[in-house]
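Peer 1: build me a structure from this.
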Amino acid sequence: MYKLWLLGFLFCWLAQPLPAATPSETDSETAEVLEQLETEFQGQQLREAEEALRQAQAYEKGNGVEQDDATAVRFYKEAAERGNSEAQLRLGILYRQRKGVQEEFRKKSRFSFGKTAFDFLFSSKMDKEAFRWLNAAAGQGVVEAQYYLAQFHEQGIGTDKDQDLADAFYAQAKQAGFDSTLAIDLLRMEYDGIPPVVREPKVEIADLAPAEAAEIEIISTTSDKTEIVSGNFTVTISAFSPLRSVQINGINQELADDSYDAAYSLPYELEIGENYFDLDVVTEATQASKELIIFRETEEIKKPKPKPPFQLITILGHTEDTNASSAPDGKEKIRTLKSNIVLVPSYTHYINYRNSVAAKGLITTDRQWMEDQRNKEILLRQLSVEWECKYTWLGDLTAGFGANSLGLRDVPESPDSSRDSWNSDFRQVSADSFLFGQFKLKTDNDITWQGKLEHKWKDAIGSTTDDGTADKLEVSNKFTLADWKYGTKLSYTLTDLNNDKKDKADLKFSADVTIPVKPVSFKVKYDVSESEKRLANIDGVRERDRKNITTVGVTYPYAPWMIINFSRKLETKTSNLTGKDYWKYQTALQFTFIYK
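Peer 2: Residues are numbered from 1 along each chain as shown. Below you'll find the model as predicted:
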């Protein structure tokens, strides 16, 4: 029963819309949330791969479940696609042993085959899949996979025969101390009944599968990433009607008369990054084109992981503030509750592995629960366009521009005020535009440095005295030590408005540490900032404020698409002017949803 009460309480908590934040504070917090989401998402992917591996092993061995090779293959593939090397090894072995994989190829065919004919027609395709996954495992340093690859290259299983490569893989396995007596025998294959008689492909395939005459299959056994400059690009082409022409990068390749299959091994010299191989195949029945890419990696440049172009992050939050009006000691403190929603849509167009262009949006609004605080509710919208260039001498560079609009709830409506175009209950307070450039550089000792320079044009609606500019310089770093993640940030902002009395300089510093304690992570952050007015007041004193914020939080990645965060914050402010000091607590609960 207490669980139902708890769920009901959380639902009611989130059904309300969070303290009013300035656009710069919202941008900074959102950037931190997005960076944390990326880290949590990667960790979740690893955990899902490990869980899929355990499920696969259970079904393969029948531990606690009914033994089922097909289900084991499905879980192995799920883990292998997430980069788990052990799953890649087992998947390669099962494809070669023909265990649990036949149904995958039967689904691709519209014709029913007997086992003997099936083994004959699809054997090479299963061997190519075995080679592909073993090659992926070997690329991650799995010694057993390297030994099997040596055998495959030596015997021409799933690839062309290449004794030099076979010797190289044998040498790697031996140097790593692999005991070949423990290896599984993947060379001998047995068929049930009488082995198939190999006849002319023209008769065999036409008789067995006339409905699939239009199908063309293009498979490359060359790894899609390598650190080797020169090598051979190998590709196999199979069709259910005779091949008429094959072109690779616009060059016609030799082709036997009335052949249904063709295999090529062409030497290449790779440039760093993406290298394209365009294949055009024409048969009697149809034609097909395919683009294959080999990525040459270096120690600094790695093949990027594929990411979806569109992403939407939704953050639902609820915050309690013990002193919403920042009242000093001795004055009445107003306790408020507010809920908020933040939408962060983005669309990225990947030009190549170096360059991308992105359009990013930000929409946030909140709802105060206390009626006398409703006029502190905000509506913020921001749109930016960013260009990113990776792998420069200064690391990853980003440049962009954008604009934002801030509205403040105004009920009852103030006279002579500009209304927000989205919601007439809000009056438009400001409309700023900005231009920025930043770099992100990872050093040899695994410290990530980041710098940002931003220039902002401030436009206060209804007041020219508050118009002006703000320039910000920011430097931060992140590093990991003994699984703990540390970060620091230093920024300096200079605000120059038409009203010189409001000109000021802000200096901010923050340090944080994240401690993983599976399945959650704890984070402690300390922020300190100093703000100083550029002009003195009528008493000849320049106002100087110092703010300290200590935050303790816990994050739980419930699923790849959902993250829960709870934090407690203590904020204090001291000033050289009387009646400006205050302190307060803020408690926040956030639910983050990721759609990709």
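Peer 1: can you give me the strands for the stretch 401-550 of the chain?
Peer 2: Ranges of strands in the stretch 401-550 of the chain, per DSSP state E, counting those that start in this stretch, are 426-442, 448-458, 468-481, 484-497, 504-517, 520-533, 544-559.
Peer 1: show me what the fifth one is packed against.
Peer 2: Meaning strand 504-517. Counting by 3 or more CB pairs under 8 Å, 6 or more residues apart in numbering; DSSP states H and E, the packing neighbours recorded for strand 504-517 are strand 484-497, strand 520-533. Where you see a C-beta, it was placed from the backbone N, CA and C, and this is true even at glycine.
Peer 1: list the buried residues for the first one?
Peer 2: Neighbour-count burial for strand 484-497, counted by 16 or more other CB atoms under 10 Å, picks out 485, 487, 489, 491, 493, 495, 497.
Peer 1: and for stretch 257-272?
Peer 2: 260, 262, 264, 265, 268, 270.
Peer 1: what average pLDDT does it get?
Peer 2: Mean pLDDT, computed over stretch 257-272, is 86.
Peer 1: ends of that stretch, how far apart?
Peer 2: End-to-end distance for stretch 257-272, by CA to CA, to the nearest Å: 38 Å.
Peer 1: looking at the helices and strands packed on strand 504-517, which is closest to residue 552?
Peer 2: Closest to residue 552 of these, according to CB to CB: strand 520-533, at 5.5 Å.
Peer 1: backbone phi and psi for residue 152, please?
Peer 2: Here is the backbone geometry of residue 152 (degrees, to the nearest 10): phi -60, psi -40.
Peer 1: residues in contact with it?
Peer 2: Each residue near residue 152 by CB atoms under 8 Å, 6 or more residues apart in numbering is listed here: 127, 130, 131, 134, 158, 159, 186.
Peer 1: any chance of the backbone angles for the last one?
Peer 2: I take that to be residue 186. The phi/psi pair for residue 186 (degrees, to the nearest 10) is phi -100, psi 10.
Peer 1: would you confirm that it contacts residue 147?
Peer 2: No. Residue 186 is beyond contact range of residue 147, at 9.7 Å (criterion: CB atoms under 8 Å).
Peer 1: ok, those two, which is more surrounded?
Peer 2: residue 147 (25 against 20; other CB atoms under 10 Å).
Peer 1: isn't that one up against residue 183?
Peer 2: Yes. Contact criterion CB under 8 Å: residue 147 and residue 183 qualify, at 5.8 Å.
Peer 1: among the buried residues of stretch 257-272, which one sits closest to residue 248?
Peer 2: Looking across the buried residues of stretch 257-272 and measuring by CB to CB, the closest to residue 248 is residue 264, at 6.8 Å.
Peer 1: ok, that closest one to residue 281 distance?
Peer 2: According to CB to CB, to the nearest Å, residue 264 stands 11 Å off from residue 281.
Peer 1: quickly list what's touching both of those two.
Peer 2: residue 246.
Peer 1: just to revisit the earlier point, dump the strands of the stretch 401-550 of the chain to CSV, plus distance to residue 140 and mean pLDDT.
Peer 2: Converted to CSV, the strands of the stretch 401-550 of the chain look like this (distance: least, CB to CB, whole Å; pLDDT from 0 to 100):
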stretch, distance to residue 140, mean pLDDT
strand 426-442, 21, 92
strand 448-458, 24, 95
strand 468-481, 21, 94
strand 484-497, 24, 95
strand 504-517, 23, 95
strand 520-533, 26, 95
strand 544-559, 24, 94
